[in-house]
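> With the sequence up front, the predicted model follows.
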Amino acid sequence: MNIQSVGIIGSGTMGLGIAQVCAQAGVPTVVVKATPGDVEKPLLKLKGSLDKAVERGKMEATLRDTILNNLTLTDQESAVADCDLVLESIVEDMDIKKALFQRLEDICRPEAILATNTSALSVTAMMAVCKHRGRFAGLHFFNPAPVMSLVEVIHAFETSDDTLRSLNAFCKQIGKSPVSVQDTTGFIVNRLLTPYMLNAIRMLERGTGTIDTIDQAMMTGAGVPMGPFALADYIGLDVVMAMSQNIFDDVRESHHAPPHTLVRLVQLGYLGRKTGKGFFDYSVKPPISNPQLIHPVI
Ligand code: 3HC
């Protein structure tokens, strides 16, 4: 299938970022706000960031207008009924995702491709609740979606070759670099990146270094654009903890279990950039490492 229209369920950071990428490539894109609340809010957020990019000379005004013209925001799932591809980017909760796909099976045409942007849940487990399994796959984008070129195209147990071909072609059409991955927990990137961040947290707990020295060392010694703590805050500590828990539940190896400091921060609602505090405190500019973590409670 030649994918010519896209529906995205979820208007959070990833949902909006992926929608921007599709709309920017000229693909009509419907975004469905999955949680209750004002449907104008995500649209205003996106408009604000596009306007800022135009003001800074990083984006042509015509491209901003193309993006906005190709986007429709709604809170009605039925709005994706005619889309060729429907991708979910909602909360990392297997039961909620399964219930969504059961509804989408009734809403969408049988030939439409259904896909999940899950970070580390089983694509095959979601496929299991669907009747038309050949058209089901994983399509995993990275944050920030408009910048990161990789998309993991995940081959679940009964995904058809046609579906994989269509998704690979679609990724190229929207300017991304697809990589084929079998459905294993965390796929390629999160399976490597999650233990890296968990190891940095354990290193902090052991007192090997501080948040600042560990981040600096990785940036200047390993050439990564962000150190592991800045990256965890950027991804969201709730997401990092969910990835860790999902991988641990699957493989039962203790080094994949969420470390105490991560659990405590999530319990406190310190989820990183999105809440203003995580390993760093973003209420000050430039952000400083969170002083509450200087003596971590283990
Ligand atoms: N939307 C659009 N463009 C953005 C953006 C956004 N949200 N954030 C940054 N950019 C653009 C900037 O406009 C700039 O573009 P330019 O080069 O044309 O001027 C470019 O990206 C660089 O941005 P900045 O100069 O503002 O800042 P940095 O140089 O510090 O880069 C970063 C920011 C791109 C986020 C960089 O730090 C980075 O690559 N970090 C690592 C991100 C990463 O590893 N992501 C993967 C996380 S894992 C994941 O997503 C999987 C999930 O399942 C959890």
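Received it, and whenever you're ready, just let me know what you need.
> which bits of the stretch 151-298 of the chain sit near the ligand?
Proximity of the stretch 151-298 of the chain to the ligand, by Cβ under 6 Å from any ligand atom, involves residues N190, L193, P225, M226, L231, I235, V239. For glycine as for every other residue, the C-beta is placed from the backbone atoms N, C-alpha and C.
> buried sites along the host helix or strand of the fifth one?
This points to L231. Element membership for L231 (DSSP states H and E) is helix 228-235. Residues of helix 228-235 classed as buried: P228, F229, A230, L231, A232, D233, Y234, I235 (neighbour count, 16 or more other Cβ atoms under 10 Å).
> mind checking how far the closest residue to the first one other than its chain neighbours is from G221?
Of all residues not flanking P228 in the chain, A200 sits nearest, at 3.6 Å (Cβ to Cβ, 6 or more residues apart in numbering). Distance from A200 to G221, counting by Cβ to Cβ, to the nearest Å: 13 Å.
> Next, P258: secondary structure please.
Of the three states, P258 takes coil according to DSSP: H, G, I helix; E, B strand; the rest coil.
> Counting neighbours, what do you get for it?
The number of residues packed near P258 is 21, by other Cβ atoms under 10 Å.
> isn't it right up against I247?
No. In this structure, P258 is not within contact of I247 by Cβ atoms under 8 Å, at 9.9 Å.
> Please pull up the helix or strand immediately following the helix holding L231.
Next element after helix 228-235 (DSSP H and E): helix 237-251.
> which strands and helices sit next to that next one?
helix 189-206, helix 260-267 (3 or more Cβ pairs under 8 Å, 6 or more residues apart in numbering; DSSP states H and E).
> Look up phi and psi at the closest residue to the ligand within the stretch 151-298 of the chain.
As assessed by Cβ to the nearest ligand atom, the ligand sits closest to P225 within the stretch 151-298 of the chain, at 3.8 Å. Phi and psi for P225, reported as degrees, to the nearest 10, are phi -70, psi -20.
> what helix or strand is the nearest residue to it once chain neighbours are set aside on?
Once flanking residues are discounted, P225 sits nearest to M219: 7.4 Å by Cβ to Cβ, 6+ apart. Taking DSSP H and E as the criterion, M219 maps to helix 211-222.
> quick one: which of the residues of the stretch 151-298 of the chain next to the ligand is nearest to N290?
L231 (15.1 Å; Cβ to Cβ).
> need the contact list for the closest one.
Applying Cβ atoms under 8 Å, 6 or more residues apart in numbering, we find L231 in contact with L193, M197, V224.
> and if you look at M241?
Taking Cβ under 8 Å, 6+ apart, one finds P258, L262, V263, V266 in contact with M241.
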